[in-house]
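Chemist: No letters, just coordinates:
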Ligand SMILES: NC(=O)c1ccc[n+]([C@@H]2O[C@H](COP(=O)([O-])OP(=O)(O)OC[C@H]3O[C@@H](n4cnc5c(N)ncnc54)[C@H](OP(=O)(O)O)[C@@H]3O)[C@@H](O)[C@H]2O)c1
């Protein structure tokens, strides 16, 4: 079985790579990362099954190169790349309408939704037709429209809702590609990474997962999902989340 993790340089994506390498069933693990990722490079030095590929997911040329670099079929593809805030780009979650900013909206839609669909498009020729096929993108519960009672965080919420719709639509098409396919979005729960760090004050310690725990829980959920559940939006404990 072959698996590709995107957003693998740090956070939950890196923790997923570490977990997958502990399982013998994975004969090849592709780790797609944007920035330099010394921890991934160190892992690749210890395990020949791991292949690290530095890719700018927003570049069509880079995605075409990625398609060429992947050898043979893929059974699992998990994209964890996501953004809520960026000091470098001056982007933070909006508390009110007045804070909405065109560039920030575009950046979050690109990272959290558009790139996810186009990564799968690039990898489509490799997606297993007869073997196991599971695709997952990391979304967020705040992307649920039905669950939105607090408001705020416009760009992040809307970009994750867009991701949910893209992956749901893809799930319908993938059923024709592989009858056994599972294509879902997953919510990891609040996890202690760079992404959530500024917003952890009011999270009770028992509800704040380590990246290692979040990765383990999400891989377990994905492993357990069956083709009848394709197109869904699931939390770290396997519960379905309303759209
Ligand atoms: N942590 C939480 O509490 C939480 C809660 C709900 C949902 N999530 C979701 O879980 C996923 C993983 O988050 P995390 O907690 O692991 O966050 P993280 O530690 O901040 O990692 C984010 C990852 O996304 C990559 N990334 C960001 N922008 C990118 C872009 N434009 N192109 C390519 N890669 C990009 C980063 O790569 P670089 O190193 O290159 O920046 C990094 O690998 C995200 O989709 C997030 O929305 C997290």
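Modeler: Received the coordinates, thanks. Small disclaimer: the values here were computed from a predicted structure and weren't measured.
Chemist: all contacts plus neighbour counts: C-alpha atoms, from now on.
Modeler: Noted.
Chemist: Could I get the pLDDT score of the residue positioned nearest the centre of the chain?
Modeler: For the chain, the residue nearest the mean C-alpha position is residue 80 (2.4 Å; CA atoms, centre = their mean). Predicted confidence (pLDDT) for residue 80: 98.
Chemist: so it touches residue 12, yeah?
Modeler: Yes: in this structure residue 80 lies within contact range of residue 12 using CA atoms under 8 Å: 7.1 Å.
Chemist: Report the buried residues of stretch 150-160.
Modeler: 152-160 (16 or more other CA atoms under 10 Å).
Chemist: And for stretch 129-141?
Modeler: Buried-residue list, stretch 129-141, by 16+ other CA under 10 Å: 129, 132-141.
Chemist: hmm, that stretch touching the ligand?
Modeler: Yes: Stretch 129-141 comes into contact with the ligand (CA under 6 Å from any ligand atom), by way of 138-140.
Chemist: Counting only helices, which of these make the cut?
Modeler: Judged by DSSP state H, these include no members of helices.
Chemist: Residues of this protein that sit close to the ligand?
Modeler: Contacts of the chain with the ligand, taken as CA under 6 Å from any ligand atom, map to 7-13, 34-35, 57, 80-83, 111, 138-140, 187-196.
Chemist: before we move on, back to that, output the residues of stretch 129-141 next to the ligand in CSV, with pLDDT appended to each entry.
Modeler: CSV is the format used below for those (pLDDT from 0 to 100):
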residue, pLDDT
138, 98
139, 98
140, 98
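Chemist: Of the residues you listed, which belong to strands?
Modeler: Taking DSSP state E as the definition of strands, the residues of stretch 129-141 next to the ligand contribute residue 138.
Chemist: Mind putting the residues of stretch 129-141 next to the ligand into CSV with distance to residue 20?
Modeler: Output for the residues of stretch 129-141 next to the ligand, formatted as CSV (distance: CA to CA, whole Å):
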residue, distance to residue 20
138, 17
139, 20
140, 22
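Chemist: so which of the residues of stretch 129-141 next to the ligand comes closest to residue 221?
Modeler: Nearest to residue 221 out of those is residue 138 (CA to CA; 12.3 Å).
Chemist: Contacts only, for that closest one.
Modeler: 78-82, 185-188 (CA atoms under 8 Å, 6 or more residues apart in numbering).
Chemist: who does it bridge with?
Modeler: Residue 138 forms beta bridges with residue 186, as assigned by DSSP bridges.
Chemist: now the strands for this protein?
Modeler: 2-6, 28-33, 50-54, 76-79, 134-138, 182-187, 233-235.
Chemist: relative orientation of the fifth one and strand 182-187 in degrees?
Modeler: Yep, that's strand 134-138 we're talking about. Relative orientation of strand 134-138 and strand 182-187, computed by axes from the mean of the first three to the mean of the last three CA atoms, to 10 degrees: 20 degrees.
Chemist: cool, and the second one?
Modeler: On the basis of the same axes, to 10 degrees, strand 28-33 is oriented at 50 degrees to strand 182-187.
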